[in-house]
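> Provided below for reference: sequence and predicted model.
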Amino acid sequence: EMQLLESGGGLVQPGGSLRLTCAGSGFTFGSHAMGWVRQVAGKGLEFVSLLSVSGSTYFADSVRARFIISRDNSKSILYLQMDSLSAEDTAIYYCVKGRYGGSGAHWFFDLWGRGTLVTVSS
Amino acid sequence: EIVLTQSPGTLSLSPGERATLSCRASESVGSYLAWYQQKPGQAPRLLIYGASTRATGIADRFSGSASGTEFTLTISRLEPEDSAVYSCQQYGNSFTFGGGTKVEIK
């Protein structure tokens, strides 16, 4: 069974940093784009970042200068390093597996983890 | 940024009825449109991709269609377990999600 399991969420002060981890299993991790989508409580989904198999990275404008996405295919792990956090980053962060939807940068998300909660507050 | 506008905000229907959910894109995304179902306390689940292709294991009462920048998710015969929030996502130009439509079963 394919699974994604996030960890690393928690309470952090404004201006602080946090690193999220996503462990994949049940599929060939290194053969798929992987990413992060977040959701503020009671609100809609928001794309955060994606890392393709070739190493291309994509970010939401709101996090581009502050977040870094990386992966260790040997361990089937995806990371999200989040710096300079603010209250606006408070959300559940979901790890997603990208499925290629066509030539170019076209991915939709066919597997989601259960999410990890990030709370930015003093 | 491409904006996706979903309507209605909430749909309240009885079991067996037909649900029609709309997702309008602010500009063309081709057929690069997916639909997700999210139940309370759960992660989203992929229903439809490529505007009209059902994902693996999705019941055939769920169908998607497109006309220009207007996309529709139809649930032909509602069942109690279809109570959820449904969100669309475009992946034609970066990635954005709509605000969601809540489907309530009376």
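Looks like it came in fine.
> list the beta-bridge partners for residue A:98.
residue A:109 (DSSP bridges).
> give me the neighbour count for it.
22 (other CB atoms under 10 Å in any protein chain shown). No exception for glycine: its C-beta is placed from N, CA and C like everyone else's.
> also residue B:37?
22.
> which residues touch residue 22?
Looking at chain A here, since you left the chain open. Residue A:22 makes contacts with A:4, A:5, A:6, A:7, A:34, A:36, A:77, A:78, A:79, A:80, A:95, A:113, as judged by CB atoms under 8 Å, 6 or more residues apart in numbering or on different chains.
> was after chain B, sorry
B:6, B:7, B:8, B:70, B:71, B:72, B:101.
> and it, backbone torsions?
Backbone dihedrals for residue B:22, given as degrees, to the nearest 10, come out at phi -110, psi 150.
> and residue B:66, that's in a helix?
No: according to DSSP: H, G, I helix; E, B strand; the rest coil, the state of residue B:66 is strand, so it is not within a helix.
> can you pull up the bridge partners for the spatially most central residue of chain B?
Taking CA atoms, centre = their mean as the criterion, residue B:35 is the residue nearest the geometric centre of chain B, at 4.1 Å. Each beta-bridge partner of residue B:35 is listed here: residue B:48, residue B:88, as defined by DSSP bridges.
> pull out the buried residues from the contacts of residue A:22.
Taking 16 or more other CB atoms under 10 Å in any protein chain shown as the criterion, what is buried in the contacts of residue A:22 is A:4, A:6, A:34, A:36, A:77, A:78, A:79, A:80, A:95, A:113.
> chain B next: which of the residues you listed are close?
Among the buried ones among the contacts of residue A:22, the residues that sit close to chain B (CB under 8 Å from any CB of the partner chain) are residue A:113.
> about what we covered before: and of the contacts of residue A:22, the nearest to chain B?
Checking these against chain B with CB to the nearest CB, the nearest one is residue A:113 at 6.4 Å.
> please consider this matter closed, and thank you.
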